[in-house]
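Asks: based on what follows, work out the 3D shape:
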Amino acid sequence: MANAASGMAVHDDCKLKFLELKAKRTFRFIVYKIEEQQKQVVVEKLGEPGQSHDDFAASLPADECRYAVFDFDFVTAESCQKSKIFFVAWSPDTARVRSKMIYASSKDRFKRELDGIQVELQATDPTEMDLDVFKSRAN
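Replies: Residues are numbered from 1 along each chain as shown. The predicted structure is shown next:
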């Protein structure tokens, strides 16, 4: 288990599942949660390859912070099929201040554990990570 700057450890499963998403495309998305009692980041939810952006957005709680990774498929202007791995720092306005502080202070360290992130998004409400945002950031 890696030790984060904020004192948060990163459960080995976080990296293993990310590698499966990146290399084998086993998952469409992964939602990570900080377990404050254990002081570590753990995998909360795995999205099946057939799941959509809507399923991903629905898997993030309305009033709690999360980290997430989303494997976004898109077609370029030249009609090439591509994909990019997005890291999403989800920090809704309605989340507890303490929670927002913990997630903010642990983010960079956690993100470094996931080698292969191509785009980072910060979102405080669903409109900041809707499908159009993903499309514009992917190109």
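Asks: and stretch 45-54, what's buried?
Replies: Residues 45-47, 53 are the ones in stretch 45-54 that count as buried (16 or more other CB atoms under 10 Å). (Each C-beta comes from the backbone N, C-alpha and C, glycine too.)
Asks: out of these, which two sit at the greatest distance?
Replies: 46 and 53 (15.7 Å; CB to CB).
Asks: picking that back up, now intersect the buried residues of stretch 45-54 with the helices, please.
Replies: Judged by DSSP state H, these include residue 53 as members of helices.
Asks: okay if I get the buried residues of stretch 45-54 as TSV plus pLDDT and distance to residue 59?
Replies: Putting the buried residues of stretch 45-54 into TSV (pLDDT from 0 to 100; distance: CB to CB, whole Å) gives the following:
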residue	pLDDT	distance to residue 59
45	98	5
46	98	10
47	98	7
53	96	11
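Asks: quick check, nearest of the buried residues of stretch 45-54 to residue 60?
Replies: Of all the buried residues of stretch 45-54, residue 60 sits closest to residue 45, with 9.2 Å by CB to CB.
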